[in-house]
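>>> Got a predicted structure here, sequence first:
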Amino acid sequence: MDLTATLQRIAEQVRPHLAEGKVAGYIPALARVDPSKFGIAVVTVDGEVATAGDALVPFSIQSISKVFTLTLALGELGNDLWKRIGREPSGSSFNSIVQLEREHGIPRNPFINAGAIVVTDVLLEGRPPESVINEILGFLQRLADDPTVSIDDEVARSEAETGHRNFSLAHFLAAFGQLKNPVESALAVYFHQCALSMTCVQLARAGLFLSAGGRDPLTGLEVVLPERARRINALMLTCGHYDASGDVAFRIGLPGKSGVGGGILAIVPRKAAIAVWSPGLNANGNSHAGTIALELLAAEMGWSVF
Ligand code: GLU
């Protein structure tokens, strides 16, 4: 099957849906993004790259970064990480404070904001925020095999200025004794990782190790062991789309992680990584047209983990 032709057809099919989503308004720098953008890229484990639309336009990957910081934190702490963070779908919005209060500062999973803030705290062990931010950026540049991956400082600043909920979550964590580093340091890292700016091609390329048992199939780089890659995929499938994770598993059937910038990274085990971007979000904070595009692509290609 001609993958490029398939992606181009899907880009046409989703066009009428682009106006239906709503761009994230709570981060001023994201509110300005053009809602008519749409990009999609597939990178296969054999190295084929297929694209359609704005696949080479950088966008803010936001919460998709949580997959990569989790990978780094597991490298630091191994399974001890699970003493500080759960592995259950939250069934709540990505920035819920109520659940964190009820569950005594143990975030449900590493992909909700509270969980990702604990992950940054793990990465900060014995290191200043600047060096952790550089480590995360370097990791993404290596995985994407592209030194031009960057952090958009304006987005990071904009998040810091308006991130009252994230400050609340971090202070709650600190109040429960769940942060070892200052709230400001954990959030400095968190805001910068969310502000990573990548294209669909770079993002799909960076996620490819998760499609290939933890080893980058194109460079041979051993990123994580196969067992760990399986588990990161399991978390993406069950927790990667916040309170819509069940619905996305039902509709698409692939591990995935979304971000409020409108991006989604999806993994087709043993075959490919997919990145799609469309800034208009649905009510759960996931890309509206991006979800539809993934649904069409998975159905057409017969891609599913089930
Ligand atoms: N930076 C965003 C926040 O913390 C990330 C949320 C997301 O992408 O889901 O609110």
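Here it is on my side, so go on. Numbering: from 1, shown residues only.

>>> that's a strand at Lys257, yeah?
Yes. Counting by DSSP: H, G, I helix; E, B strand; the rest coil, Lys257 is found in a strand.

>>> what's across from it in the sheet?
Leu265 (DSSP bridges).

>>> give the contact list for it.
Ser63, Ile64, Lys66, Val67, Phe111, Met236, Gly240, His241, Ile264, Leu265 (Cβ atoms under 8 Å, 6 or more residues apart in numbering). Quick note: C-beta positions are derived from backbone N, CA and C, even for glycine.

>>> same deal with Tyr242?
Ser90, Ser92, Ser93, Phe94, Phe111, Ile112, Ser258, Asn284, Gly285, Asn286.

>>> Can you name the two of those residues that sit furthest apart?
Ser92 and Ser258 (15.3 Å; Cβ to Cβ).

>>> Out of those two, name the residue with the larger neighbour count.
Shown here are Ser92 and Ser258; by other Cβ atoms under 10 Å, Ser258 has more neighbours (33 against 15).

>>> How much space separates the more buried one from Val183?
26 Å (Cβ to Cβ, to the nearest Å).

>>> again, but for Arg84
Taking Cβ to Cβ, one finds Arg84 at 16 Å from Val183.

>>> next one: Leu221
34 Å.

>>> Just want to know which of the two has more residues nearby.
Neighbours per residue, other Cβ under 10 Å: of Leu221 and Val183, the larger number sits with Val183, 18 against 13.

>>> Surely that one and Ser168 touch.
No. Between Val183 and Ser168 there is no contact under Cβ atoms under 8 Å: 10.0 Å.

>>> show me what contacts the residue nearest to Pro58 when sequence neighbours are not counted?
Nearest non-adjacent residue to Pro58, counting by Cβ to Cβ, 6 or more residues apart in numbering: Ser197, 4.4 Å away. Contact partners of Ser197, counting by Cβ under 8 Å, 6+ apart, are Pro58, Phe59, Ser60, Ile61, Val149, Ser150, Ile151, Asp152, Val155.

>>> What subset of those is buried?
For those, a neighbour count by 16 or more other Cβ atoms under 10 Å gives the buried set as Pro58, Phe59, Ser60, Ile61, Val149, Ile151, Asp152, Val155.

>>> dump the residue contacts of the fourth one.
Going by Cβ under 8 Å, 6+ apart, Ile61 touches Cys194, Leu196, Ser197, Met198, Leu203, Gly259, Gly261, Gly263.

>>> ok, so of the buried ones among the contacts of Ser197, who is nearest Arg231?
Nearest member of the buried ones among the contacts of Ser197 to Arg231, counting by Cβ to Cβ, is Ile61, at 21.4 Å.

>>> near the ligand, which residues of the stretch 101-250 of the chain?
Asn113, Glu159, Asn166, Cys194 (Cβ under 6 Å from any ligand atom).

>>> burial count for the last one?
For Cys194, the number of neighbouring residues by other Cβ under 10 Å comes to 29.

>>> Can you tell me, leaving aside adjacent residues, what's nearest to it?
Gln62 (4.9 Å).

>>> Over to the second one?
The spatial neighbour of Glu159 that comes closest, neighbours along the chain excluded (Cβ to Cβ, 6+ apart), is Phe191 at 4.4 Å.

>>> Pipe the buried ones among the contacts of Ser197 into JSON lines and attach secondary structure and pLDDT per row.
Below are the buried ones among the contacts of Ser197 laid out as JSON lines (DSSP: H, G, I helix; E, B strand; the rest coil; pLDDT from 0 to 100):
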{"residue": "Pro58", "secondary structure": "coil", "pLDDT": "98"}
{"residue": "Phe59", "secondary structure": "strand", "pLDDT": "98"}
{"residue": "Ser60", "secondary structure": "strand", "pLDDT": "98"}
{"residue": "Ile61", "secondary structure": "coil", "pLDDT": "98"}
{"residue": "Val149", "secondary structure": "coil", "pLDDT": "98"}
{"residue": "Ile151", "secondary structure": "strand", "pLDDT": "98"}
{"residue": "Asp152", "secondary structure": "coil", "pLDDT": "97"}
{"residue": "Val155", "secondary structure": "helix", "pLDDT": "96"}
